[in-house]
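Colleague: Test case, fold it:
(chains A and B)
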Amino acid sequence: MTMTSDHDPLPAVTRGFDRMLTQLAEASPAAKLSYQGRVLDAARRLLKLPGGVAELEARAGALDDAGIFAGTDWAVPSGLVPGMVGNTLRAADSRTVALECLSLLRFLAVARGEHAPPGLPREHAHHFLTQVLALNLDSILGTHGEAARALAHDLTPAVDGLLKRLLEGVGTGGILTRLVDEVWRILRQRPLQVDHVKSMILQIAIAMEREGGGIGVRDARTGADRLISALFGPSELCREDPGLEVYRARLAASDPGALQAEATGMARAMHDTGLVSDYHAAFLRFILDSGQTHLLPDALGLSSTGLDALRCYQPLVQRLIDVAVHPGTAQAVLGVSLMLERGIMYSPPIAPSLWRLLETSLTPTCEAALNTAFGTAVSPHQRLVGGMLCLLGQPLGVGQGNNPTCQSARALSIWALNDPDYLFWLLAQVTANDRVIMYFEGAALDSSLLPAGLAQNTPLDADPVSVLLVPHLDRIYAEMGRRVADRPEDPHRWINPELHGWWVGREFHIAVDIATGMLKDYAQFIRDFHLAYHPLHNGNEPVVHPQPAGIAVTDSNGVFVGWHAITIVRVALDQGGDMRVYFFNPNNDSGQDWGQGIVVSTHGNGERLGEGSLPFAQFASRLYIFHDDGLRTPLAVPVDDAKLAQVRDMALQSWARDRIAT
Amino acid sequence: MTSKDPNKGYVAILGWSLRCIDALEKFDRRYLIVAPKWAEDYAKQHDIPFLSWDFERLNDRSFELATTLKDMGVDVAIPLFEETVEWAGAVNAVLLDNPRLLGQSMLFRDKSLMKRRAQLGGIRVGIFEEAMDHSDVIRFLKRVNQTLLKLDGDPNDPIHFKAFDKAGCLGHRVIRSPDDVAAIADEEFPALLESHLDGWEFAVEAWIKDRKIQFLNISEYVTLGYSVFVPATPELEKYREAITKQIERLIEVFDIDFGFIHPEYFVTNDDTMYFGEVAYRPPGFNAFELMERAYGFNAYQALVLAFDPKATQEELDAFFPTPVKDAMGHAGCFGVYPRRRVVSELSVPEETENDPYFEFHELAPPMETKVTKRTAFGTHWGLVYFFGEDPHRLRDLLKAQEELDFYV
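Modeller: Predicted coordinates:
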């Protein structure tokens, strides 16, 4: 006897699933592992049945609570990256696919407010799902390419169904508009890593092509067109995306006027979006190969500052372009352009450092790391030069990827901004010897002799410089932590100046008592912060060097999420006359809602590329660590108590709620 | 975690098993896991009471382990795997001040000694002999078939070749011809040789306390090395009384005061019962889980009760259900071996997965595409679990799995 076809198997399979779910829920923490496999297998069967997704959806929170994610990479949802979901859903192992599906349903439950695991705010879940949907529009719209079809497995229809369900859950209304807005919002922060943005744009392009006037296409049209054309047709001669071969032929047949128009068109699209088209890379190579370097300033979109830097270092810049700019590494064009604009090449060690980098050969370990992370389309050395140019051009564009290495990412950003020749020196140590030596309170720390730090593996979802340097920095950071572990105060008091450089202020202020986690002299802490950083209180002294600082991150309800490392870059008046703190957040996306109306702005309030900003008081209310240079000004203006009370109230009603010492 | 009762026994578990740990976390006995170093990190991470011990090395440190446990106040040691049975014997000899336990455990560990002891005790066993090398095997094969009055050229009756000290089907070969003998590697010797018995093979799980059977389960093999289910069909259960007598005999002959045994028997056409072998540890093929599914009691907790010198008869009586009668159904599992020489993926057959008796499987995707040829009864690639009302349907279903491909 087998199941008859008119009999619905769903209730029986659901009953079996519930039995195994109960087993998992009742298992002790150590034994969860041994019950997860069968639950995932049962989930896989449910997924395949009509109505099965709904059954799983109803149990998403219970599954999370039962421990289905315990001990896996999915255990900490806030650390998951939307860009990796698509790949996992196409994985060959059906249990991995099932686990990812359950994880997505968990996000849906959180987005709906039905489930509230720690560290995953509702907005974050919603945001995450929007990005997942954007990156997988092909599955939702059924526009699988050949490649996707080849990878299809027996869960593929179920996965497509699940994504549609998520779309319903998140809301279909104007999804494209929101996706386009989302892409713009991310791009305005000028991240170094734009691959996932590019694939989102590709999905949007396909969706618009297919849907005509469907899911919110009309509203999205203008914004999307600019994004799509920046990638696939930024100028007159490639408007219809003819392919690189055709484009090169057209360039060869063009008159000077047409080439001039190409140069300005390319540059305009690049600076508008932060995206560089492969056509742009092809164009640069064409003008170098055909000796028309007079078009270079326009093709890079340089101002008089950049132009002057180019003129001073033209042979070097051309070599850099020749090595680093290829179709596939086109973003390096933006890196070159912005690096020239920053004027850092006038600093004596920079040009020689770049020459050294151009001539350097990488150790086999470095080559292998870069090849693993980026593939072998261009050589590891070319990849690294391009990566370094991008980092120097966009110091605030570096992100930690899905790695617990915010300290290292922040350090790279600070050096790129403030101390680029030191960054070159660190990189040279790694490319030559696979190690970094730093000194901590006089003792040499050799990264090649130290155990792994926070990141257990080499981060692969990061930029080329991070891929090489972060494993070393992470170890050194961890070792510094070990060396001060027995001191009764926050380790960053000693680590921050030693890790980053002499210019990190040696006066250390912290809002909480390390032993108890309770607030300590908090009013004084806020007062000190004003006197150190607020130009209207500190004698109008600007932030001289970017300073590491620590913030208490809160979710949109003002609930404490965790401690996080950021950089205070500037404090200045915005266009509206409000004093704002401009800062860098290494977590890939600065735009966050911290509750109580505190929404980090990334655009429109005087931010430079990659900066996030908040009004001074709002920023102060989330701050818990800062450094100060200790210089006192006779012009200090006392902070009035009402101002202090305002900041303190915001803190006490959010992250510090349970930290009031009694 | 269930709170621990300091007036009840404190047990040391020799061997690492997550299921066992789970059972103990939910039980009122204090416990300590004694297992190899590789498990230490995991144990620490989950706050599991843990003592790192290397069971690979020879017995000369058993006294050290025993005194360590004694100093900690441990009452008794419980072996989970074949390799830890003699360690438990040695340790318990000290903890319970009973030197006989070490010798007893050696009997359980050596299949040849075990058979002789059974034979001396008047238990019926097949013909057996020890083999030191290949020539012993050839001679045994010849002698057995001579006895059966076979002529040269007649197909031989098979003989069985078993490693002395391996659990279950590991190192178990069926020998039919001198060619089979040649395929045996030198390092598999010494070994035990047995005549083949045509009959119905089954296993018993018995929890013993104060020389009394506390609970007796009969596990029916559908095909040896492939599938088993509990409780057995009525046709096998009708022997329960006879089987119980056999087990009581075993308790006498092996002088078993307490603990858990897992013997295997044959019953031949004329209802004669032959003893195969006995192990002093939980059975393979996850039979404990099958019992939990069928009866709802945790077999690991039962194990602890049977070993704990402080457990009372009332406690045991309350713990165990009535065999067969209290079963909620029949639970069985099937061990999957890939049937093809080259496999690329795991693909559970539709007819298996859609069967209402199917519960779940613990099959992993293939790590290698090429399947090594099975020489002995090897290790399966994972188990498929079934549960249902009708033992005959379950038996036929398990049998049918043998003809299906789980890896393609």
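
Colleague: mind checking pLDDT for residue A:402?
Modeller: Note on residue A:402: pLDDT of 63.

Colleague: Enumerate the residues of the stretch 51-200 of chain B near chain A.
Modeller: Proximity of the stretch 51-200 of chain B to chain A, by CB under 8 Å from any CB of the partner chain, involves no residues. For glycine as for every other residue, the C-beta is placed from the backbone atoms N, C-alpha and C.

Colleague: what about residue A:435, distance to residue A:490?
Modeller: Computed as CB to CB, to the nearest Å, the residue A:435 to residue A:490 distance reads 28 Å.

Colleague: same thing with residue B:63?
Modeller: 50 Å.

Colleague: Equivalent analysis for residue B:403, please.
Modeller: 67 Å.

Colleague: Please say which of the two ends up with more neighbours.
Modeller: residue A:490 (19 against 8; other CB atoms under 10 Å in any protein chain shown).

Colleague: I'd assumed the more buried one was in a helix, is it?
Modeller: No. Residue A:490 is assigned coil when assessed by DSSP: H, G, I helix; E, B strand; the rest coil, not a helix.

Colleague: Could you list the domains of chain A?
Modeller: In terms of domains, chain A is parsed into A:10-172, A:233-344, A:347-483, A:507-652 (source: automatic domain parsing).

Colleague: contacts for the one helix or strand residue A:335 maps to?
Modeller: Secondary structure from DSSP states H and E places residue A:335 in helix A:331-342. Residues outside helix A:331-342 that contact it (CB atoms under 8 Å, 6 or more residues apart in numbering or on different chains): A:192, A:194, A:267, A:270-271, A:274-276, A:280-281, A:284, A:300-303, A:305-307, A:309-310, A:317, A:320-321, A:324-325, A:345, A:385-387, A:389-394, A:609.

Colleague: Let me see the ranges of the helices in the stretch 401-550 of chain A.
Modeller: Assigned by DSSP state H, counting those that start in this stretch, the helices in the stretch 401-550 of chain A fall at A:406-418, A:420-433, A:464-483, A:492-500, A:522-533.

Colleague: Which parts of the helix or strand residue A:357 falls within count as buried, going by neighbours?
Modeller: Using DSSP H and E, the secondary-structure element containing residue A:357 is helix A:350-359. By neighbour count on 16 or more other CB atoms under 10 Å in any protein chain shown, the buried set for helix A:350-359 is A:350, A:351, A:353, A:354, A:357.

Colleague: Which element is encountered next along the chain beyond that helix?
Modeller: helix A:364-374.

Colleague: What lies in contact with that following helix?
Modeller: If you take CB under 8 Å, 6+ apart as the criterion, helix A:364-374 is touched by A:362, A:380, A:383-384, A:430-431, A:434, A:458, A:460-462, A:464, A:467-468.

Colleague: neighbours around the closest residue to chain A within the stretch 51-200 of chain B, how many?
Modeller: Closest residue of the stretch 51-200 of chain B to chain A, CB to the nearest CB: residue B:80 (14.2 Å). Using other CB under 10 Å, residue B:80 has 22 neighbouring residues.

Colleague: what's the distance between it and residue B:90?
Modeller: 16 Å.

Colleague: what helix or strand does the residue nearest to the spatial centre of chain B sit in?
Modeller: Centroid-nearest residue in chain B, with CA atoms, centre = their mean: residue B:283, separated by 2.6 Å. Assessed by DSSP H and E, residue B:283 sits outside every helix and strand.

Colleague: Buried ones among the contacts of helix A:364-374?
Modeller: By neighbour count, with 16+ other CB under 10 Å, those hold A:362, A:380, A:383-384, A:430-431, A:434, A:458, A:461-462, A:464, A:467-468 as buried.

Colleague: if we take those residues, which one ends up nearest to chain B?
Modeller: Distances from chain B to the buried ones among the contacts of helix A:364-374, taken by CB to the nearest CB, are shortest for residue A:458, at 22.0 Å.

Colleague: per-residue confidence at that closest one?
Modeller: Here, the pLDDT recorded for residue A:458 equals 68.

Colleague: helix or strand right after the host helix or strand of residue A:246?
Modeller: Assigned by DSSP H and E, residue A:246 belongs to helix A:244-252. Sequence order places helix A:256-273 as the next helix or strand after helix A:244-252, per DSSP H and E.

Colleague: Would you mind getting the angle between that following helix and helix A:244-252?
Modeller: Here helix A:256-273 runs at an angle of 130 degrees relative to helix A:244-252 (axes from the mean of the first three to the mean of the last three CA atoms, to 10 degrees).

Colleague: Next, the buried residues of helix A:256-273.
Modeller: Of all the residues in helix A:256-273, those buried under the rule 16+ other CB under 10 Å are A:259, A:260, A:262, A:263, A:265, A:266, A:267, A:269, A:270, A:273.

Colleague: Kindly provide the distance from the last one to residue B:280.
Modeller: Read that as residue A:273. Between residue A:273 and residue B:280 the computed distance is 73 Å (CB to CB).

Colleague: do the same with the third one
Modeller: Residue A:262 sits at a distance of 84 Å from residue B:280 (criterion: CB to CB).

Colleague: now swap in the fourth one and tell me
Modeller: Counting by CB to CB, the separation of residue A:263 from residue B:280 is 85 Å.

Colleague: any idea where the strands of the stretch 151-300 of chain B begin and end?
Modeller: B:159-163, B:172-175, B:191-195, B:200-209, B:212-223, B:227-230, B:258-267, B:273-279 (DSSP state E, counting those that start in this stretch).

Colleague: picking that back up, contact partners for the residue nearest to the centre of chain B?
Modeller: Residues in contact with residue B:283 (CB under 8 Å, 6+ apart) are B:168, B:203, B:205, B:219, B:262.

Colleague: Now do it, the pLDDT please.
Modeller: 87.

Colleague: Excluding sequence neighbours, find me the nearest residue to residue 204.
Modeller: I'll assume chain A. Counting by CB to CB, 6 or more residues apart in numbering or on different chains, residue A:224 is the residue found nearest to residue A:204 once chain neighbours are left out, at 5.5 Å.

Colleague: my question was about chain B
Modeller: Counting by CB to CB, 6+ apart, the residue nearest residue B:204 is residue B:263, at 5.4 Å.

Colleague: what sits against the one you found?
Modeller: Taking CB under 8 Å, 6+ apart as the test, what residue B:263 contacts is B:203, B:204, B:206, B:247, B:250, B:275, B:276, B:277, B:278, B:279.

Colleague: Closest one of the residues you listed to chain A?
Modeller: Nearest to chain A among those is residue B:279, at 22.4 Å by CB to the nearest CB.
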